[in-house]
Structures are given as structure tokens and as C-alpha cells.
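J.: With the sequence up front, the predicted model follows.
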Amino acid sequence: MQRLKNRTQFQAVLSASAVARTAHFALHSLALPATDPLQQNLFTSAESWLGAMVPKRWARRAVTRNTIKRQVYTLGQVEQVPLARAAHVVRLRSGFDRQRFPSATSDALKAAVRHELQELFSQAGTALCLHAH
């Protein structure tokens, strides 16, 4: 699995509609047809690609943003079945309640993020399977 690196790659994937949503996350996926020369320049290998977008607007503290991104990339490696040959961006679309999770990187927050990301990837697997048939 490759990681998205530059703004152009992120913009290309985010231009596609979201294939799955949870309370805090959205997953955008862009199929990688080999015939599109622009996409061939952006996505050079035939593997799946993954990026994480965690805006400051929804996660003020850098340690929280980094923790969420680490969870995304870790689960992206483990949950490779639903992440077919395409480019994917996991986007944080709302913040976690600071009253419920006062610590920037508590075990409770990590567990909540992990659970929601697993749900997101599971929804994506179902959605991508439905679109394939």
C-alpha cells in the first residue's frame, strides 16, 4: 500500500464522492483506470493508495491529529480486503467530544477512533463490492 503524498493526489481523490461515512469520518475512493494519463502521472504504481486528512478545525492538538493518522494507516495496512486497487482518503469530518475524551491521546480515544475506522472500512468494503457487481 502506497501513501498519498502531495496535494494534487489528495484533490483528485477528494473530487470523487464518499463511499462510506461514520459519525466522524468519511472515506473517498477513486478507481485507478490505467487508461487515464493524468491518473497514471499521479498514481504511478498499480497498488492501492491511502491518505489521511485530519484538519486542525476538528482536532486542535497535533498529538491528536497524529494519533488519528497513525490509526488510519495502521488499519489501512491490516484491513486491505476492502481497499481494492484504488486511491482512498480517510477524512475527519467532525471533532471528538473533548468532555468525553479530555486527553489528547488517551486509550479511550484510540479505541473509539479504531472502532469507528473499522466500521468505515467495513462499510467501504460493502459499498465497493456492490459497485463491482
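T.: Structure received. Note that the structure is predicted; figures quoted are calculated from it, not measured. Numbering: from 1, shown residues only.
J.: Please work out how many residues are found near Arg3.
T.: 11 (other CB atoms under 10 Å). All C-beta atoms are positioned from the backbone trio N, CA, C, and that covers glycine.
J.: Thr105 and Lys69, how far apart?
T.: Remark: distance between Thr105 and Lys69 (CB to CB, to the nearest Å) = 12 Å.
J.: In terms of neighbours, single out the busier of the two.
T.: Under the criterion of other CB under 10 Å, the comparison of Thr105 against Lys69 puts Lys69 first, with 17 against 14.
J.: tell me the contacts of the more buried one?
T.: If a contact means CB atoms under 8 Å, 6 or more residues apart in numbering, then Lys69 has 52, 54 as its contacts.
J.: That one falls within a strand, correct?
T.: No. Counting by DSSP: H, G, I helix; E, B strand; the rest coil, Lys69 falls outside a strand, being helix.
J.: any idea how far it lies from Phe10?
T.: 13 Å.
J.: Repeat that for Phe121.
T.: For Phe121, the distance to Phe10 - CB to CB - is 19 Å.
J.: Who has more neighbours out of those two?
T.: The neighbour count for Phe121 versus Phe10, taken as other CB under 10 Å, is higher for Phe121 (25 against 18).
J.: Quick check: buried residues in the helix or strand the more buried one falls within?
T.: For Phe121, the element it lies in under DSSP states H and E is helix 107-132. Buried residues in helix 107-132, defined by neighbour count with 16 or more other CB atoms under 10 Å: 109-110, 112-113, 116-117, 120-121, 123-125, 127-128.
J.: mind giving me JSON lines with those residues and columns for distance to Arg65 and pLDDT?
T.: Converted to JSON lines, the buried residues of helix 107-132 look like this (distance: CB to CB, whole Å; pLDDT from 0 to 100):
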{"residue": "Leu109", "distance to Arg65": "12", "pLDDT": "92"}
{"residue": "Lys110", "distance to Arg65": "13", "pLDDT": "92"}
{"residue": "Ala112", "distance to Arg65": "15", "pLDDT": "93"}
{"residue": "Val113", "distance to Arg65": "11", "pLDDT": "93"}
{"residue": "Glu116", "distance to Arg65": "16", "pLDDT": "94"}
{"residue": "Leu117", "distance to Arg65": "14", "pLDDT": "92"}
{"residue": "Leu120", "distance to Arg65": "17", "pLDDT": "90"}
{"residue": "Phe121", "distance to Arg65": "20", "pLDDT": "86"}
{"residue": "Gln123", "distance to Arg65": "23", "pLDDT": "85"}
{"residue": "Ala124", "distance to Arg65": "22", "pLDDT": "80"}
{"residue": "Gly125", "distance to Arg65": "26", "pLDDT": "72"}
{"residue": "Ala127", "distance to Arg65": "26", "pLDDT": "58"}
{"residue": "Leu128", "distance to Arg65": "27", "pLDDT": "55"}
